[in-house]
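J.: just to be clear, the model below is a prediction. Sequence and coordinates:
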Amino acid sequence: MEAAMSEQSLSLPEAPVATPNTRKVFVKTYGCQMNVYDSERMTDALSKDGYEATEVLEEADLVLLNTCHIREKAAEKVYSELGRLRDMKKARARDGREMVIGVTGCVAQAEGKEILRRAPAVDLVIGPQTYHRLPEALRRAKGGERVVETDYAIEDKFEHLPAPEKAKTRARGVTAFLTVQEGCDKFCTFCVVPYTRGSEVSRPVAQIVAEAERLVEGGVREITLLGQNVNAWHGLGPDGTEWSLGDLLCRLAEIEGLARLRYTTSHPRDMDDRLVEAHRDLPKLMPYLHLPVQSGSDRILKAMNRRHTAAEYIALIERIRAVQPDLAISGDFIVGFPGETDEDFEDTMRLIEAVGYAQAFSFKYSIRPGTPGAEMGGHVDESVKSERLERLQALLFRQQREFAVGCIGKEIDLLLEKPGRMPGQLVGRSPWLQPVNVDAKGSEIGDIIRVRITDAGPNSLFAEAIG
């Protein structure tokens, strides 16, 4: 999976004390934006069984670890967390209180029954394609069964999930993720996603539009469409023709009250003409594109099974920039892939110089068991990987800084999202996805205001309201 990685919990330091006899679920989310979306939908599914999401682990009756298998030693980190939960569960049992532990997501899919063997405190294991079965699996687990649900569901899981409620949508803020595509058929040799998320599947148009409309009714102003290869989305439109992602974006742009659209993560092979035209034709589509390339060496790209060249990637970006000159490009890079030479690495540095990135994510190659890359020869020494990564990140940081400084003096429309760190300050996102700090009232959250960028910090911009 190529989307930006993060690790986060759906928790905050403090929350109201649980009321007696109220069942609470705590979800810790690892990984990408799609996992964040999945965690929200799992809590939606459990709400029908009387579970409320909690922001405090200690008050939870049910704890779910929604896992990611992208990062190195991802499974071991999950087992370490499960060890801490085991001790908490034992302490609860001594006090006569129940605590159910579940593992969901991509590590659950990859490890399956092995999780139950290595972590006896776990009650249920649910893969990313079967979390709509979570309420039933939970009932079985509470009956004493240790449940594993990792078969790829034949039925459409989204059809079996309850619709997001307006109240919950409001609580989640003015921006939202919406999964439209799952799985991957690309089989890059470094990646486990085809084995944990399955083949590419697209959600139907009507289902996506209905969910987007519910989100907007709940106060959402900006929607980011998600997919492992989101620009591979396709579906039958209401006009009877086959739609691509560009057509879907055009339809969503018609929703009254929806101010902004984004999408991630894209594959270079799936950027068709209609999607390029959408960047030209849709003011609601933000001028930001996350388009991973991984390497600038054609030899390494071939070994990675990317099925495009460095020149083709650069030409594609030039094509999109021709119709949307304000476009900010984000990317992913892997250094030290098996067989990577100094010259291969220099090819990557030359590609970065040629493109000019506003943002990027970069990693040292690490073996993923079960992937073709793990069986390749020519693994690069760890010290060489570290030195290359340091050089690459220095170049990317310089470009990111140059892009941010280049924003100073620009006037932009800013969607105000949440309170800032300082009193009287709100934070929003620029069209290019940077955090922007501005003095504004809390009552303005959800508004779009005109601002002028006045300064650029290391990780955010500063602005003043105008007009």
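T.: Structure's in. What do you need?

J.: mind jotting down where the helices sit in the stretch 151-300 of the chain?
T.: In the stretch 151-300 of the chain, the helices defined using DSSP state H, counting those that start in this stretch lie at 166-172, 193-196, 205-217, 245-252, 273-281, 298-303.

J.: of those, which is nearest Pro423?
T.: Among the helices of the stretch 151-300 of the chain, the nearest to Pro423 by C-beta to C-beta is helix 166-172 (22.9 Å). For every residue, glycine as well, the C-beta is placed using N, CA and C.

J.: with only the CA atoms kept, save stretch 266-273 in CSV.
T.: What follows is stretch 266-273, C-alpha atoms only, in CSV (Å, rounded to 0.1, in the frame of the first residue of the first chain):
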residue,chain,number,x,y,z
SER,A,266,-3.0,6.6,-6.9
HIS,A,267,-0.9,4.4,-9.2
PRO,A,268,0.8,6.0,-12.3
ARG,A,269,-0.6,3.3,-14.5
ASP,A,270,-4.2,4.2,-13.7
MET,A,271,-4.2,8.0,-14.4
ASP,A,272,-6.5,8.1,-17.4
ASP,A,273,-7.5,11.1,-19.5
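
J.: just the mean pLDDT for it, thanks.
T.: When pLDDT is averaged over stretch 266-273, the result is 96.

J.: only the buried residues of that stretch, if you could.
T.: Of the residues in stretch 266-273, Ser266, His267, Pro268, Arg269, Asp270, Met271 count as buried by neighbour count, 16 or more other C-beta atoms under 10 Å.

J.: restricting to C-alpha, output stretch 41-56 in CSV.
T.: Listed next in CSV are the C-alpha coordinates belonging to stretch 41-56 (Å, rounded to 0.1, in the frame of the first residue of the first chain):
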residue,chain,number,x,y,z
ARG,A,41,-17.1,2.0,10.3
MET,A,42,-16.4,-0.8,12.8
THR,A,43,-17.6,1.5,15.6
ASP,A,44,-20.7,2.3,13.5
ALA,A,45,-21.4,-1.5,13.1
LEU,A,46,-21.0,-2.1,16.8
SER,A,47,-23.3,0.8,17.7
LYS,A,48,-26.3,-1.3,16.7
ASP,A,49,-25.3,-3.7,19.4
GLY,A,50,-25.2,-1.0,22.0
TYR,A,51,-21.5,-0.2,22.0
GLU,A,52,-20.3,3.4,22.3
ALA,A,53,-16.8,4.5,21.2
THR,A,54,-14.6,5.5,24.1
GLU,A,55,-11.5,7.7,24.1
VAL,A,56,-10.1,6.1,27.3
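
J.: for the record, mean pLDDT for that stretch?
T.: Rounded mean pLDDT across stretch 41-56 is 87.

J.: buried ones in the longest helix anywhere in the chain?
T.: For the chain, the helix with the greatest residue count under DSSP state H is helix 382-406. Neighbour-count burial for helix 382-406 flags Lys385, Arg388, Leu389, Leu392, Gln393, Leu395, Leu396, Gln399, Gln400, Phe403, Ala404 (criterion: 16+ other C-beta under 10 Å).

J.: Lys113: neighbour count?
T.: Residues near Lys113, counting by other C-beta atoms under 10 Å, number 11.

J.: let me fix that, I meant to ask about Ile126.
T.: By other C-beta under 10 Å, 25 other residues sit near Ile126.

J.: residue contacts, it?
T.: If you count contacts by C-beta atoms under 8 Å, 6 or more residues apart in numbering, Ile126 has them with Gly102, Val103, Thr104, Ala108, Arg133, Leu134, Ala137, Val147, Glu149, Thr150.

J.: mind listing the strands for the stretch 251-400 of the chain?
T.: Secondary structure of the stretch 251-400 of the chain (DSSP state E, counting those that start in this stretch): strands at 260-264, 288-290, 328-335, 359-364.

J.: please enumerate residues in contact with the first one?
T.: Pointing back at strand 260-264 there. 3-4, 33, 221-227, 230-231, 245, 249, 252-253, 282, 284-286, 288, 290, 415, 433.
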